[in-house]
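Peer 1: The sequence isn't on hand, but the structure is:
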């Protein structure tokens, strides 16, 4: 987790997820993760799991799923608004900054069923950066 992730959350209710191949200038504000690929969907009512904490998806921007599939990139806004401000934004509730550690998982559970990660696997956060902003 980059050293500015907490500030971004406190000031803008945002958490930025990015695959570990993100440009270095984004490391400080991002939660970096391994990106084995994601082939599932993401829509309102789904539950996003981050390090064992659950967040209900309220709204999904037009390019959020494409960005997540291709870049491992999501802008999470902790808001109950059904409208997003950015096309890559996903609004989730409740407002609670996840506590992340290397090896934690990011999962998606569709609202139409209960189960584990969508697709063959969740997205592993093995490459979550340490507070120094460096990759492992």
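Peer 2: Thanks, I have the structure now. Predicted, not measured: the structure shown is a model, and the values here were computed from it.
Peer 1: you'd agree residue 105 is up against residue 51?
Peer 2: Yes: under the criterion of C-beta atoms under 8 Å, residue 105 makes contact with residue 51 at 7.3 Å. Using the backbone N, CA and C atoms, a C-beta is placed for each residue, glycine as well.
Peer 1: what helix or strand is the residue nearest to the spatial centre of the chain on?
Peer 2: Centroid check for the chain by C-alpha atoms, centre = their mean gives residue 17 as the closest residue, at 4.5 Å. Using DSSP states H and E, the element containing residue 17 is strand 14-19.
Peer 1: next helix or strand past that strand?
Peer 2: Heading C-terminal from strand 14-19, the first helix or strand you meet, by DSSP H and E, is strand 30-33.
Peer 1: Strands of this protein, start to end?
Peer 2: Listed in chain order, the strands of the chain (DSSP state E) span residues 14-19, 30-33, 47-50, 53-60, 74-78, 89-93, 105-109, 123-124.
Peer 1: Among those strands, single out whichever gets nearest to residue 3.
Peer 2: Set against residue 3 and scored by C-beta to C-beta, the strands of the chain come closest in strand 30-33, at 10.6 Å.
Peer 1: Name whatever forms a beta bridge with the nearest residue to residue 96 once chain neighbours are set aside.
Peer 2: Using C-beta to C-beta, 6 or more residues apart in numbering and skipping the chain neighbours, the partner closest in space to residue 96 is residue 53 (6.6 Å). With DSSP bridges as the criterion, residue 53 is bridged to residue 50.
Peer 1: measure residue 27 to residue 87 for me?
Peer 2: Residue 27 sits 23 Å away from residue 87, going by C-beta to C-beta, to the nearest Å.
Peer 1: now do residue 103
Peer 2: Distance of residue 103 to residue 87, computed by C-beta to C-beta: 31 Å.
Peer 1: go on, residue 18?
Peer 2: 16 Å.
Peer 1: pLDDT weak spots in this protein?
Peer 2: 35-37, 112-136 (pLDDT under 70).
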